[in-house]
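*Asks:* sequence plus predicted model, see below.
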Amino acid sequence: MRVGHNVLMARDAGEAMGIVSSQPVDLVLCDVKMPGINGLELVRQIHEVEPDLPCIVITGYSSAENSVEALRAGAFWYLEKPFEQERLDVVRRLVEQAIEHGRLKAENRALHSQLRARYKFDSIIGKSAALQRVLSVVEKVADTNSTVLITGESGTGKELIARALHYNSSRADRMLVTVNCGAIPEELLESELFGHVKGAFTNAVHHREGRFAVADGGTIFLDEIGDMSPKLQVKLLRVLQDRTFEPVGSSKTIRVDVRVIAATNQHLETLIEERRFREDLYYRLNVLPIEAPPLRHRAEDIPLLVNHFIDIANQDKGTRIDSVCEEAMKLLADYPWPGNVRELENLVERVVILRREGEIDLSDLPDQFHRTPGPGPAVMRVPPSGIDFNEVVGDLESDLILQALELTHWNKNRAAQLLGLNRTTLLEKIKKKGIEPASDS
């Protein structure tokens, strides 16, 4: 039966290995009994050099033990001779399935290789000391099973750090499963994380596997962990302690081998004080802490990031931006970037789309880059008549708080981070000083 495949013949295992080593091969069919080494040993040797190449083992002496041995050796399947006419269609389908299986394995391996390359440490843009300190820690802890807690403001690249941890670890060939705990309603998050059984609740019409089960053998990244409800925090604490859980509506305990990486842009210590986050969970998560630096602490990285995002936008949008003028780049480097790298990326994309080609200049930047900053504390002078120290310091404090709030569009968490204050401290000062948005007055 001819089905269109080009067949190469080998008289023994040595000749077969020569063919496999010298040219692309999609499938190997070999007999168990052959001159020299047998077919099972040939399969083992082939997979040492071509781990994705499917092999089908053929024999005239079938037994359950031989079948298991063939599969253990790495064979895709085990066939009995002779191939009678009515079984030829089965053989043909098996050959097609084996070739497709090998192709998918090779594609999957290539994809993982690309992901590894993409998230290599030298692929993360930046040369600042603040970023290099973080990458040094990531490199040291990547290939461990310890839990990592990544903290930092929104837009600082916490997920990028999590991916670098996973794809530079021995778990890189398994799944990295990401869950945004702040984006999923509380009543659905438990099922999302741990799965549920049929009938566990209304609309649970079938069994569903949770993200922890999907991540078995790999890594789970719990983003915005500070938004998780106290009820789920208790269940997560158990998973971190013994790597077991029960799906919603089930009494069956499931054990998983999964590394946990968590991230938050909130001050968990403040949430603990406010009894919104469990202290014991915090210490379970905070085994290896990594703090993603804000972009304002990485000013020397801004030109590198700007050019990187221009290259991406040119490729994606078909634009032809070739440079940024020196004055515009200086304004970008001096800006405090409350939205950090994500804000910078969005700005570059917007400017590139509007400019289309040539050089980006000052006129292309939004209004906030052209405002003249007010006098800072360094130009303050004490007059001969003296000053009311408390009043001056109070006014300066109010002005700084208002600036931080306006920069962050009145996001009090991010404003507190800009000022280096605890959120509760900032809230107390806002209340005490009666600071309100201009539109509310």
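*Replies:* Received, thanks.
*Asks:* need the per-residue pLDDT for the residue lying closest to Ile37 once chain neighbours are set aside.
*Replies:* Spatial nearest neighbour of Ile37, excluding adjacent residues (C-beta to C-beta, 6 or more residues apart in numbering): Ala13 at 4.7 Å. In short, each C-beta sits where N, CA and C put it, glycine included. Ala13 is assigned 89 on the pLDDT scale.
*Asks:* so what pLDDT did Glu391 get?
*Replies:* pLDDT, Glu391: 82.
*Asks:* now name the helix or strand holding it.
*Replies:* Glu391 belongs to helix 389-407 when assigned by DSSP states H and E.
*Asks:* next SSE after that helix?
*Replies:* helix 412-419.
*Asks:* and whichever helix or strand comes after that following helix, what other elements does it pack with?
*Replies:* Proceeding N to C from helix 412-419, the next assigned helix or strand is helix 423-433, under DSSP H and E. Where contact means 3 or more C-beta pairs under 8 Å, 6 or more residues apart in numbering; DSSP states H and E, helix 423-433 is packed against helix 268-273, helix 389-407, helix 412-419.
*Asks:* centre of the chain to helix 423-433, how far?
*Replies:* Helix 423-433 sits 35 Å away from the centroid of its parent chain (C-alpha atoms, centre = their mean, to the nearest Å).
*Asks:* could you number the chain from 55 rather than 1 from now on?
*Replies:* With 55 as the first residue, the last one maps to helix 477-487.
*Asks:* surely Pro390 is in a helix?
*Replies:* No. Going by DSSP: H, G, I helix; E, B strand; the rest coil, the assignment for Pro390 is coil, not a helix.
*Asks:* for burial, what's the neighbour tally of the closest residue in space to it that isn't next to it in sequence?
*Replies:* In this structure, Pro390 finds its nearest non-sequential neighbour in Arg350, 4.8 Å apart by C-beta to C-beta, 6+ apart. Arg350 has 17 neighbouring residues, counting by other C-beta atoms under 10 Å.
*Asks:* ok, now Ser223?
*Replies:* Counted with other C-beta under 10 Å, Ser223 comes out at 19.
*Asks:* for Glu193, see how far away it is.
*Replies:* 11 Å (C-beta to C-beta, to the nearest Å).
*Asks:* what would the helices and strands packed on helix 477-487 look like in TSV with mean neighbour count and distance to Ser283?
*Replies:* Listed next are the helices and strands packed on helix 477-487 as TSV, based on neighbours: other C-beta atoms under 10 Å; distance: least, C-beta to C-beta, whole Å:
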stretch	mean neighbour count	distance to Ser283
helix 322-327	17	12
helix 443-461	15	28
helix 466-473	21	18
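*Asks:* make JSON lines out of those helices and add distance to Arg410.
*Replies:* Formatted as JSON lines, these follow (distance: least, C-beta to C-beta, whole Å):
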{"stretch": "helix 322-327", "distance to Arg410": "45"}
{"stretch": "helix 443-461", "distance to Arg410": "29"}
{"stretch": "helix 466-473", "distance to Arg410": "32"}
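*Asks:* closest one to Arg374 among these?
*Replies:* Nearest to Arg374 among the helices and strands packed on helix 477-487 is helix 443-461; the distance by C-beta to C-beta comes to 32.6 Å.
*Asks:* who does that closest one touch, helix- and strand-wise?
*Replies:* Here helix 443-461 touches helix 466-473, helix 477-487, going by 3+ C-beta pairs under 8 Å, 6+ apart.
*Asks:* by mean pLDDT, show me the worst of those helices.
*Replies:* helix 466-473 (a mean of 84).
*Asks:* what residues does that helix touch?
*Replies:* 207-208, 319-321, 348, 390, 392, 454-455, 458-459, 461-462, 476-477, 479-481, 484 (C-beta atoms under 8 Å, 6 or more residues apart in numbering).
*Asks:* any stretches of this protein with poor pLDDT?
*Replies:* Residue ranges of the chain with pLDDT under 70: 55-57, 115-118, 120, 137, 139-141, 164-177, 425-435, 492-495.
*Asks:* for the residue most central in space within it, give its distance to Ile204.
*Replies:* For the chain, the residue nearest the mean C-alpha position is Arg217 (3.6 Å; C-alpha atoms, centre = their mean). Arg217 sits 11 Å away from Ile204, going by C-beta to C-beta.
*Asks:* ditto for Asn340
*Replies:* For Asn340, the distance to Ile204 - C-beta to C-beta - is 10 Å.
*Asks:* more neighbours: which of the two?
*Replies:* Ile204 (28 against 15).
*Asks:* pretty sure that one is in a strand, no?
*Replies:* Yes. Per three-state DSSP, Ile204 lies within a strand segment.
*Asks:* hang on, the earlier thing: which one of the helices and strands packed on helix 443-461 lies nearest to Val447?
*Replies:* Using C-beta to C-beta, the nearest of those to Val447 is helix 477-487, at 12.2 Å.
*Asks:* tell me the buried residues in that closest one?
*Replies:* Buried positions in helix 477-487, judged by neighbour count with 16 or more other C-beta atoms under 10 Å: 477, 480, 483-484.
*Asks:* distance to Asp85 added to the residues you listed, as CSV?
*Replies:* Listed next are those as CSV, based on distance: C-beta to C-beta, whole Å:
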residue, distance to Asp85
Arg477, 72
Leu480, 76
Lys483, 82
Ile484, 81
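*Asks:* helix, strand, or coil at Cys84?
*Replies:* Cys84 - assigned by three-state DSSP - is strand.
*Asks:* perfect, that will be all.
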